[in-house]
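Participant: Just the structure for this:
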Amino acid sequence: MRTVLPIDAGEVRSVAFSPDGTLLATGAGPGVRLRDVVSGNQIGSFAGHARAVGPLAFSPNGGLLATADRARIRLWDVAPTAPTAPTAQIAQIARTGVAGDSPPAVSIVAAGSTAARGGILSMAFSPDGALLASACDDGSVWLYEPATGRTSARLTGHVGAVRTVAFDPDGRLLASTGADGSTRLWEVRSWRPIATMIDLPAHGWCLILPDGGYKLVGDPAGAFSWIIRECVFEPGELDDFLPGVRRLHDSQPIPPLDGYPAVSRTVLGISLAARNEPDASAPHPSEKDRRGWRRHLPGHR
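Facilitator: From the prediction side, this is the model:
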């Protein structure tokens, strides 16, 4: 063991390294501490959340730290010139979400999947730092521009909570993994859905395209079903009845992913690795936390 860090006050719920590996951020209770990795010394602390801090994320250049509690994201300037004091709060993200979306006509739900509650469950910066993605327990993914404070997009499609989000190394794709057992790929430029992937128990997978095409590798073994209203169909049962539903042969390429060869595999690997449901039961912060913030962005509820 290289370094033993002092225990923070309260339960440590999240940690994040800076991109250069020199700093470690820890979230415990409503506070965040910043430590030097080599010495273990605390060099800064960030206070402002009213409830327990959950996900943490550094921007790619290490200049910003995003911290989230149940329903709010805050951005902090991690300035090396002033490491001993918390900096000005740059942005407050999310308060009122859009609820009541109608479910899709055809839902894709993996067997054994569970719903989750807890507000903001995950965050990720795009490789260029121009976007911040956040996963929400209401089934949505929110995209923000940290530099301007604008909302870039709200993505829906998961049945249940979205647990993790991840950008591919080139910033062209965003992956989101949900409590419904699916991983969804989104094209960043247009925010259109590219594909939905379900991991199969016997080391296989099923990839479903927006137009109804799908590719199946391995035995589904009841891992997923097509659901239309209250009717459940096994893979293959709808192929002869719905024009858009068709199985792609093993040798056929996946059309939407032709332009993303190795990139898509990287994203899927990252997002499928996260399966644990975070413990985020803290209620919403009070409205008085708005004082001193430069901007307020609508978003999560």
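Participant: Can you pull out the low-pLDDT segments for the stretch 101-250 of the chain?
Facilitator: Where the stretch 101-250 of the chain drops to pLDDT under 70, the residues are 101-118, 220-226, 240, 243-244, 250.
Participant: can you do 50?
Facilitator: 101-118 (pLDDT under 50).
Participant: where do the strands sit along it?
Facilitator: In the stretch 101-250 of the chain, the strands defined using DSSP state E, counting those that start in this stretch lie at 106-110, 120-125, 132-136, 140-144, 151-156, 162-167, 173-178, 182-187, 193-199, 205-208, 213-217, 224-228, 231-233, 246-247.
Participant: out of those strands, which comes closest to Gly40?
Facilitator: strand 120-125 (25.2 Å; C-beta to C-beta). C-beta: built from backbone N, CA, C; applies to glycine.
Participant: Please name the strands paired to that closest one in the sheet, noting orientation.
Facilitator: Using DSSP bridges, strand 120-125 pairs in its sheet with strand 132-136 (antiparallel).
Participant: which residues are contacting the partner strand?
Facilitator: Residues from elsewhere that reach strand 132-136 (C-beta atoms under 8 Å, 6 or more residues apart in numbering): 55, 57, 66, 68, 73, 75, 93-94, 97, 119-126, 141-146, 161-165, 167, 174, 176, 299-300.
Participant: buried set for stretch 190-202?
Facilitator: Pro193, Ile194, Ala195, Thr196, Met197, Ile198, Asp199, Leu200 (16 or more other C-beta atoms under 10 Å).
Participant: And for stretch 230-248?
Facilitator: For stretch 230-248, the neighbour count (16+ other C-beta under 10 Å) marks Phe233, Pro235, Leu238, Val245 as buried.
Participant: again, but for stretch 144-157
Facilitator: Tyr144, Pro146, Gly149, Ser152, Arg154, Leu155, Thr156, Gly157.
Participant: Could you list which residues are in contact with the last one?
Facilitator: Read that as Gly157. Contact analysis of Gly157 by C-beta under 8 Å, 6+ apart lists Pro104, Gly139, Arg184, Pro193, Thr196.
Participant: CA atoms only for stretch 235-247, dumped as CSV, please.
Facilitator: Extracted in CSV, the C-alpha atoms of stretch 235-247 (Å, rounded to 0.1, in the frame of the first residue of the first chain):
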residue,chain,number,x,y,z
PRO,A,235,-36.5,-13.0,-30.2
GLY,A,236,-37.5,-14.1,-33.7
GLU,A,237,-41.3,-14.2,-33.1
LEU,A,238,-42.0,-10.9,-34.7
ASP,A,239,-39.6,-11.2,-37.7
ASP,A,240,-42.3,-12.4,-40.1
PHE,A,241,-45.0,-10.0,-38.9
LEU,A,242,-43.4,-6.6,-38.5
PRO,A,243,-41.6,-5.3,-41.6
GLY,A,244,-39.0,-3.4,-39.6
VAL,A,245,-38.0,-6.3,-37.3
ARG,A,246,-35.4,-8.5,-38.9
ARG,A,247,-32.4,-10.4,-37.7
